[in-house]
Each structure stands twice: as C-alpha cells, then as structure tokens.
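*Asks:* Curious how this folds, go ahead:
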Amino acid sequence: MMLELLVSALVTIFVVQVLRLIFSDCDLTLQWAEMFGRSPERLKGKVVWVTGASSGIGEGLAYRLAEAGCRLILSARREQELNRVKKNCLARYGGVQEGDILVVPLDLVQRGTHQQAVDTVITHFKQIDCLVNNAGRSQRALWLRTSLEVDKECLELNTLGPVSLTKLVLPHMVQRKQGQVVVVSSVAGKFGAPGIGSYCGSKHALHGWFESLRIEGYDDNIKITMVCPGPVFSDALKAAFTEERGEGLGVEMRSSENRMATDRCAQLIAVAMSNRLDEVWVSRNPELTYCYLFQYFPAIARKIGVRLGQTRYRKVKAGNASLH
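*Replies:* Numbering: from 1, shown residues only. Sure, this is the predicted structure:
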C-alpha cells in the first residue's frame with residue numbers, strides 16, 4: 001500500500017512538472033520566485049539605469065520599475081523617445097516625481113562618451129544600485145553571407161558596449177560594497193540557430209564576460225543577473241543587422257507569431273531583479289524546452305538542434321530572413 005502511494009505521488013509530481021514546463025513562459029526557478037519570492041515592489045527607491053529604454057523590453061521594464069517606485073536613468077540613442085517614456089512614467093505612476101527619472105542619451109558604440117554619462121548619473125543620484133544592460137540589436141543573415149564588418153558591428157554594440165559601460169559603473173558599486181548588474185542576453189546566448197550567427201556569438205560572449213565578473217565581484221557584494229529572453233514582441237526586426245553593413249532588415253513582427261508580450265517579459269525580469277537570481281530563461285516553448293535540453297543534455301540537444309534546424313536554415317537560405 002505504501003509503495004503504491006509513493007509511486008502515485010511520484011507520478012503526480014512528474015506530470016505536474018511536465019505540465020508546468022509545457023505551459024510556462026519562464027524557467028522553474030523564476031516561476032517559484034514569482035509565486036513565493038520578493039515582488040518587484042521590493043526595489044522601491046533603488047537607482048536603476050536601463051539602457052535601450054526607448055522601445056521594446058527596455059521601455060516595458062522602465063514602466064514596471066517606475067510602478068515599483070524605482071528611481072530611473074533611461075538611456076538610448078533617441079532622446080525624443082526617451083522623453084516620451086519618461087512622460088508616460090510620470091503620467092501613469094503617481095509616486096514618481098520629475099527628479100526621479102533622468103534621461104541620459106547614450107550610444108553604446110561611442111565608448112568615449114560613456115564616462116561623461118556615468119558622471120552625469122552620479123552627479124544627479126549620487127549612486128547606482130543596478131545597471132540593466134539591455135540595449136542591443138538583432139541580426140538576420142546566413143553565416144557565410146554575413147560580412148566580417150557586420151560581425152564586428154554586432155560585437156561592438158551587443159558585447160563591448162555593455163562591457164565598457166559596466167567597467168565604468170562598477171567602481172562606484174565596489175566603493176559602496178553593493179550593486180547589481182543585469183545583463184539582457186537571449187536564449188540565443190545559450191545555443192546556436194541558423195540565420196542569426198553574429199547575434200548568437202555576441203550574446204554567448206556576454207555570458208563569458210559576466211560569468212567571470214560574477215566570481216570576481218563576490219567579495220564586493222556585486223550581483224550578476226543574466227536574463228535570456230526568447231522571442232518578444234518589439235521593433236527589433238526593423239533595425240536588425242543583415243549580411244551587409246549599413247542595412248536594416250525592415251521587417252514588422254506579425255501579431256500571429258509565438259512571441260511574449262513586452263509587459264510580461266518586463267514583469268519577469270523585474271522579479272528576477274528583486275530576487276537577485278543568477279540566470280533566468282524568459283520564453284515560451286519551444287525555446288524554453290531547448291534551454292533545458294542544452295543545459296542538461298547537450299549532446300542530445302545538439303543532434304536534435306542540427307536536424308530540426310535544417311528546416312529553418314532552408315527557409316532563411318530561400319530568403320525568409322524574418323524568422324524569429
């Protein structure tokens with residue numbers, strides 16, 4: 001009798017976990033944190049710097065953090081759009097005052113301007129509690145067709161830009177013996193995919209750089225949170241790199257695509273921040289399942305990935321570069 005009850009309990013647990021995996025939009029640790037952990041409101045009063053805040057995930061995260069009562073620095077290249085986001089934050093959330101949100105235009109590729117931006121932030125807020133390295137640019141082109149110039153541009157923006165800004169913010173955090181660096185990577189930073197080789201490479205590189213910083217920053221109470229979103233609704237495909245320098249993909253996402261809403265992605269990132277999680281996967285399936293496979297069964301995952309990836313590869317080769 002006891003054995004039957006034990007087997008029944010184990011089967012029930014297994015079925016529940018499978019169902020959670022199938023219908024979830026994030027990894028199990030993040031699910032647990034959202035249900036039982038600290039809410040984003042625990043970030044109230046924190047000074048948070050969000051790059052890429054003029055649209056997409058960055059804009060959505062700015063709204064969620066403003067709702068939680070954070071003091072914000074909003075950065076991107078388009079100052080007009082940043083002011084729009086700031087205006088929306090002030091209009092929507094009564095607890096946010098004009099001085100709580102600072103707009104600092106920033107081009108991550110222009111690394112010579114980063115120090116001035118950091119000085120501006122420190123002068124205004126006196127501290128930086130959290131840096132969210134969110135800015136970046138996607139890419140759509142086959143490996144052999146992509147020029148080396150595009151590879152370099154992708155690395156300059158998606159990898160060296162965040163590294164440069166973090167190197168300048170970090171001393172202020174170390175001096176205070178506290179700080180959090182959030183890196184918005186991608187599920188493309190966990191495994192490769194056809195048609196986005198340069199983008200995958202730039203995101204994989206972020207993991208190497210910031211996983212090393214995680215160890216080095218431990219004694220100074222510096223927390224690293226790696227965020228790996230899957231497909232999310234945004235304007236990312238409009239400006240995505242292609243195979244030649246200076247080109248943009250110019251593709252609109254369709255509402256019928258299997259993508260996460262921006263506000264949902266922002267909510268999950270805010271939960272990861274408030275719970276100071278190490279790495280989170282923010283995605284629907286099938287990408288979420290791929291993350292588990294590559295994490296725990298890499299040999300099997302690569303065999304499956306190569307075979308299933310051929311369909312996508314042929315579509316990209318035929319000219320359907322808009323595939324997410």
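
*Asks:* which stretches of this protein form helices?
*Replies:* With DSSP state H as the criterion, the chain has helices at 2-23, 28-36, 56-68, 79-92, 114-125, 148-155, 161-176, 197-216, 262-274, 287-296, 298-317.

*Asks:* Specify the angle between the shortest one and helix 161-176 in degrees.
*Replies:* What that stands for is helix 148-155. 20 degrees (axes from the mean of the first three to the mean of the last three CA atoms, to 10 degrees).

*Asks:* Which of the residues in stretch 44-61 are classified as buried?
*Replies:* Across stretch 44-61, burial judged by 16 or more other CB atoms under 10 Å covers 46-61. Just so you know, the C-beta spots here come from the backbone N, C-alpha and C atoms, and that holds for glycine as well.

*Asks:* ugh, typo on my part, it should be stretch 127-139
*Replies:* 128, 129, 130, 131, 132, 133, 134, 135, 136, 137, 138, 139.

*Asks:* Could you tell me how far the second one is located from residue 163?
*Replies:* In this view, residue 129 and residue 163 are 20 Å apart by CB to CB, to the nearest Å.

*Asks:* one step back: quick one: closest of the helices of the chain to residue 222.
*Replies:* For residue 222, the closest of these is helix 161-176, at 5.7 Å, according to CB to CB.

*Asks:* what helices or strands is the closest one leaning on?
*Replies:* Here helix 161-176 touches strand 47-51, helix 114-125, strand 130-133, strand 179-184, helix 197-216, strand 222-229, going by 3 or more CB pairs under 8 Å, 6 or more residues apart in numbering; DSSP states H and E.

*Asks:* which residue packs closest to the residue most central in space within the chain, ignoring adjacent ones?
*Replies:* Taking CA atoms, centre = their mean, the centroid of the chain lies closest to residue 184, which sits 2.3 Å from it. Among residues not flanking residue 184 along the chain, residue 134 sits closest, at 4.3 Å (CB to CB, 6 or more residues apart in numbering).

*Asks:* now stretch 81-100, how far from the centre of its chain.
*Replies:* 22 Å (CA atoms, centre = their mean, to the nearest Å).

*Asks:* Residues contacting it, please?
*Replies:* Stretch 81-100 is contacted from outside by 53-55, 59, 62-63, 66-67, 69, 71-72, 74-76, 101, 103, 105, using CB atoms under 8 Å, 6 or more residues apart in numbering.

*Asks:* follow-up on the earlier one: just curious, which of the buried residues of stretch 44-61 is nearest to residue 149?
*Replies:* Comparing these against residue 149 with CB to CB places residue 52 closest, at 22.4 Å.

*Asks:* doesn't residue 78 make contact with that closest one?
*Replies:* No: using CB atoms under 8 Å, residue 52 is not in contact with residue 78; the gap is 10.4 Å.

*Asks:* circling back to that earlier point, beta partners of the residue nearest to the centre of the chain?
*Replies:* Bridge pairing for residue 184 (DSSP bridges) gives the partners residue 227.

*Asks:* ok, now which ones touch it?
*Replies:* 52, 57, 132, 133, 134, 136, 227, 229, 269.

*Asks:* do that again at 10 Å, thanks
*Replies:* Under the criterion of CB atoms under 10 Å, 6 or more residues apart in numbering, the neighbours of residue 184 are 50-52, 56-58, 61, 132-136, 158, 162, 203, 206, 225-229, 265, 269, 282.

*Asks:* ditto for residue 54
*Replies:* Taking CB under 10 Å, 6+ apart as the test, what residue 54 contacts is 62, 74-85, 103, 105, 135, 235.

*Asks:* Tell me the spacing between it and residue 260.
*Replies:* Residue 54 is 19 Å from residue 260, by CB to CB.

*Asks:* Residue 248 - nearest residue in space that isn't next to it in sequence?
*Replies:* Closest residue to residue 248 apart from its sequence neighbours, by CB to CB, 6+ apart: residue 239 at 4.9 Å.

*Asks:* What of residue 224?
*Replies:* That would be residue 214: by CB to CB, 6+ apart, it lies 4.1 Å from residue 224.

*Asks:* how many other residues sit next to that neighbour?
*Replies:* Residues near residue 214, counting by other CB atoms under 10 Å, number 16.

*Asks:* Report whether the expected contact of it with residue 222 is present.
*Replies:* Yes: the pair residue 214 / residue 222 is scored as a contact, 8.0 Å apart, by CB atoms under 10 Å.

*Asks:* Quick check: neighbours shared by the two?
*Replies:* By CB under 10 Å, 6+ apart, the residues touching both residue 214 and residue 222 are residue 181.
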